[in-house]
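> Okay, sequence plus prediction incoming.
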Amino acid sequence: MYEKLPNLVIGFHGCTKKTHEKVLTLHEELKASANSYDWLGNGIYFWENKLVRAQEWAKKRYGSEAAVIGATIDLGYCLNLTDSASEQELKNGYKMLKMLCELTGAELPVNRKSNKTKDVLLRDLDCAVIQQIQFGQENLDKSYEEINHNSPKYDSVRGVFTEGTPPYPGSAFYSKTHIQICVCNPNCIKGYFEPRNAMKNYRLP
């Protein structure tokens with residue numbers, strides 16, 4: 001009943017300069033990610049209110065060709081993983097996925113840690129569970145391109161992720177904790193913009 005989040009949020013998408021130009025100058029659309037290890041299922045990813053993190057991610061991945069696009073997003077009917085009410089939805093999705101794998105003899109996906117860090121960066125299991133929730137059992141054996149993208153159960157998925165290292169000994173905080181948004185319904189994106197730097201002579205409201 002309360003999955004519709006009424007507020008608009010600001011998101012930042014790390015990309016290449018070529019994609020930046022296509023979207024902001026030529027008014028093309030961002031392409032959805034379709035990896036089996038996507039953290040929040042398949043869709044268009046944004047860092048919520050985190051321009052610096054988007055810039056860091058893009059630079060690490062694309063080097064001198066890195067760029068960032070800002071977006072105003074209506075989360076719509078959102079699978080909000082920051083809300084404990086999502087727990088049952090996740091349990092049901094996992095249960096159905098596990099049952100289907102047992103029936104078909106397929107191997108249940110697993111999440112994997114990075115070789116360089118302790119962070120879980122390849123989230124095949126989480127992705128499969130969310131895809132199960134979004135599209136149901138009948139679509140699990142289809143590729144991303146084959147699924148009818150007008151039919152996801154949720155317009156967006158939102159989650160908090162704990163990454164990095166503690167800022168001081170004994171801390172329960174971590175340096176790279178952030179919120180990500182996966183837009184599954186492109187109509188949630190109300191507009192794109194070029195992120196700007198703050199004017200130093202003025203305070204930030």
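Good, I have the coordinates. Residues are numbered from 1 along each chain as shown.
> Could you use CA atoms for every contact and neighbour count after this?
OK.
> Longest helix of this structure, counting residues only.
Secondary structure of the chain per DSSP state H: the longest helix is helix 86-104.
> pLDDT averaged over the helix or strand that comes right after it - what is it?
Remark: after helix 86-104, the chain's next helix or strand is strand 111-113, criterion DSSP states H and E. Mean pLDDT, computed over strand 111-113, is 87.
> Residues contacting strand 111-113, please?
Applying Cα atoms under 8 Å, 6 or more residues apart in numbering, the contact partners of strand 111-113 are Tyr37, Asp119, Val120, Leu121, Leu122, Arg123, Asp124, Leu125, Asp126.
> Buried ones from the residues you listed, can you make that a ChimeraX selection?
With 16 or more other Cα atoms under 10 Å as the criterion, this ChimeraX line picks the buried residues out of the contacts of strand 111-113:
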select :37,121,122,123,124,125,126
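> what about dumping the CA coordinates of the longest helix of the chain to CSV?
Extracted in CSV, the C-alpha atoms of helix 86-104 (Å, rounded to 0.1, in the frame of the first residue of the first chain):
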residue,chain,number,x,y,z
SER,A,86,10.7,-5.7,1.7
GLU,A,87,12.0,-8.7,3.7
GLN,A,88,9.0,-10.9,2.9
GLU,A,89,9.1,-10.0,-0.8
LEU,A,90,12.8,-11.1,-0.9
LYS,A,91,12.0,-14.3,1.0
ASN,A,92,9.2,-15.2,-1.5
GLY,A,93,11.4,-14.4,-4.5
TYR,A,94,14.2,-16.6,-3.2
LYS,A,95,11.8,-19.4,-2.4
MET,A,96,10.4,-19.4,-5.9
LEU,A,97,13.8,-19.2,-7.5
LYS,A,98,15.1,-22.1,-5.4
MET,A,99,12.1,-24.1,-6.3
LEU,A,100,12.5,-23.5,-10.0
CYS,A,101,16.1,-24.4,-9.9
GLU,A,102,15.3,-27.7,-8.2
LEU,A,103,12.6,-28.5,-10.7
THR,A,104,14.8,-27.7,-13.7
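> what's next to it, contact-wise?
If you take Cα under 8 Å, 6+ apart as the criterion, helix 86-104 is touched by Leu79, Asn80, Leu81, Glu107, Leu108, Ala128, Val129, Ile130, Gln132, Ile133, Gln137.
> Buried residues, that helix. List them.
Buried residues in helix 86-104, counted by 16+ other Cα under 10 Å: Glu89, Leu90, Gly93, Tyr94, Met96, Leu97, Lys98, Leu100.
> hey, C-alpha coordinates of stretch 57-69 in CSV?
Taking C-alpha atoms only, stretch 57-69 is exported to CSV below (Å, rounded to 0.1, in the frame of the first residue of the first chain):
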residue,chain,number,x,y,z
TRP,A,57,33.4,4.9,-10.2
ALA,A,58,33.4,6.3,-13.8
LYS,A,59,37.1,7.3,-13.6
LYS,A,60,38.1,3.9,-12.3
ARG,A,61,36.3,2.2,-15.1
TYR,A,62,36.7,4.5,-18.0
GLY,A,63,39.8,6.6,-17.1
SER,A,64,40.2,9.8,-19.1
GLU,A,65,36.9,9.0,-21.0
ALA,A,66,34.9,9.1,-17.8
ALA,A,67,31.8,11.4,-17.4
VAL,A,68,28.7,11.6,-15.2
ILE,A,69,25.1,12.3,-16.0
